[in-house]
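Q: The sequence and its predicted three-dimensional model are supplied below.
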Amino acid sequence: MELTVNLDKNSYPIYIEPGILSHAEQYVSHIFHGKKIMVISDDNVFPLYGEKLIHALPSYQCSSLVLPHGETTKSFQTLPQIYAAMLEHQITRSDLVIALGGGVIGDLAGFAASSYLRGIKLVQIPTSLLAQVDSSVGGKVAVDLPQGKNLVGAFYHPKLVLIDPEVLNTLPQRYITDGMGEVIKYGCIKDADLFETLSAHCSFDDLKDQLASIIYRCVDIKRIVVEQDQFDTGERMLLNFGHTLAHTIEQHFQYERESHGEAVAIGMYQITKIAEEAGLTMAGVADKIRQVLKVYGLPTECNLPMSVLTDAVKLDKKNLDNHLNVVLLHQIGDSYVYPTNLDFFEKAGNI
């Protein structure tokens, strides 16, 4: 399956195919004619797929950098280590970086590629469900600061995205659950049929035969949205459904308790509950979200007072001069941006 993100000079192809990792050079050679490739990965993914990828790129001089896994690696302090490795291997502007990993590696390696020598070519090979359906597409790259998530970043599109659903077979169950938070998001904001498909199954295992097509549908939704709004000023904001609360939950627990997808699940359900109570979302929508989250083992609450989270919400990138854009649903598959401020959360108790 092939998609193209049409962004004029920033356009790039996305290929979704079981086993594509073993044929990486066939695709990389279309967009890269240099000699050196640096593969950036983590200590969970590289032992499984790093050598396999390098062996699939026999025409290139490949080097690698393996970083610790986890959100705490996606910090400003990691960047000098990446730049030093690039310099050590004499990576130039005519060379290529491949991000092989989940969302953390994709964001981090992408930001390093965007800033090293003012930008070198980037290929994304996402290995987690969350990265395959969401973060590897769209060109957002970033690192975290202690004050909040993704506060230093750029829009920097890859030249190519290769998605191999087979790599998901080695993922621990929690990382599958994590990715399903973002899959459900796409059904909520843009595709009621996708939401119904997810709701009709009783577990992730029951869904596996349809996984490649579900990944394709999620990526296609993101492609359409990104083409309409490359720089996140309008339509693309809809992709942040649940994220305003999610990022604050992740940060509160220093990225050590809820994963991103788990936090998004909580954020989607809780913000929809608030919106229902305010008459901004049809009655019953929050319960539909709660039920589908339960099917895939995702949480709906984190047992924190909303007041604990509002300081972090103030630093959210979508909070401009105390004007906050939150993403709400009219109903499943029909989302909109609602301009408000922090008072929107005032009546919420524990979430």
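A: Now that the structure is in, tell me what you want to look at.

Q: what are the ranges of the strands in this protein?
A: 2-5, 12-16, 36-42, 61-67, 96-101, 121-126, 140-145, 148-155, 160-163, 319-320, 323-331, 334-340 (DSSP state E).

Q: packing partners for the fifth one?
A: What it means is strand 96-101. Here strand 96-101 touches strand 36-42, helix 103-115, strand 121-126, going by 3 or more Cβ pairs under 8 Å, 6 or more residues apart in numbering; DSSP states H and E. All C-beta spots, glycine's among them, are computed from the backbone N, C-alpha and C.

Q: show me where pLDDT drops low in the stretch 151-300 of the chain?
A: Of all residues in the stretch 151-300 of the chain, none has pLDDT under 70.

Q: end-to-end on stretch 84-92?
A: This stretch, stretch 84-92, spans 13 Å end to end (Cα to Cα, to the nearest Å).

Q: which parts of that stretch are buried?
A: Within stretch 84-92, the residues scored as buried using 16 or more other Cβ atoms under 10 Å are 85-86, 89, 91.

Q: Ok, stretch 181-200 next?
A: 181-191, 194-195, 197-199.

Q: quick one on the thing from earlier: how about the helices and strands packed on strand 96-101 in JSON lines, adding distance to residue 309 and mean neighbour count?
A: Output for those, formatted as JSON lines (distance: least, Cβ to Cβ, whole Å; neighbours: other Cβ atoms under 10 Å):
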{"stretch": "strand 36-42", "distance to residue 309": "28", "mean neighbour count": "24"}
{"stretch": "helix 103-115", "distance to residue 309": "22", "mean neighbour count": "26"}
{"stretch": "strand 121-126", "distance to residue 309": "29", "mean neighbour count": "26"}
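
Q: so which of these gets nearest residue 310?
A: Closest of the helices and strands packed on strand 96-101 to residue 310 is helix 103-115, at 25.4 Å (criterion: Cβ to Cβ).

Q: other SSEs contacting the closest one?
A: Short answer (3+ Cβ pairs under 8 Å, 6+ apart): helix 103-115 packs on strand 36-42, helix 79-88, strand 96-101, strand 121-126, strand 140-145, strand 148-155.

Q: Swap in 6 Å and give it another go.
A: Judged by 3 or more Cβ pairs under 6 Å, 6 or more residues apart in numbering; DSSP states H and E, the packing partners of helix 103-115 are strand 96-101, strand 121-126, strand 140-145.

Q: would you list those in JSON lines and tack on distance to residue 227 and mean pLDDT?
A: Putting the helices and strands packed on helix 103-115 into JSON lines (distance: least, Cβ to Cβ, whole Å; pLDDT from 0 to 100) gives the following:
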{"stretch": "strand 96-101", "distance to residue 227": "22", "mean pLDDT": "98"}
{"stretch": "strand 121-126", "distance to residue 227": "17", "mean pLDDT": "98"}
{"stretch": "strand 140-145", "distance to residue 227": "15", "mean pLDDT": "92"}
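
Q: which one of those strands lies closest to residue 114?
A: strand 140-145 (5.6 Å).

Q: Determine the set of other helices and strands touching that closest one.
A: Checked by 3+ Cβ pairs under 6 Å, 6+ apart, strand 140-145 has helix 103-115, strand 148-155 packed alongside it.
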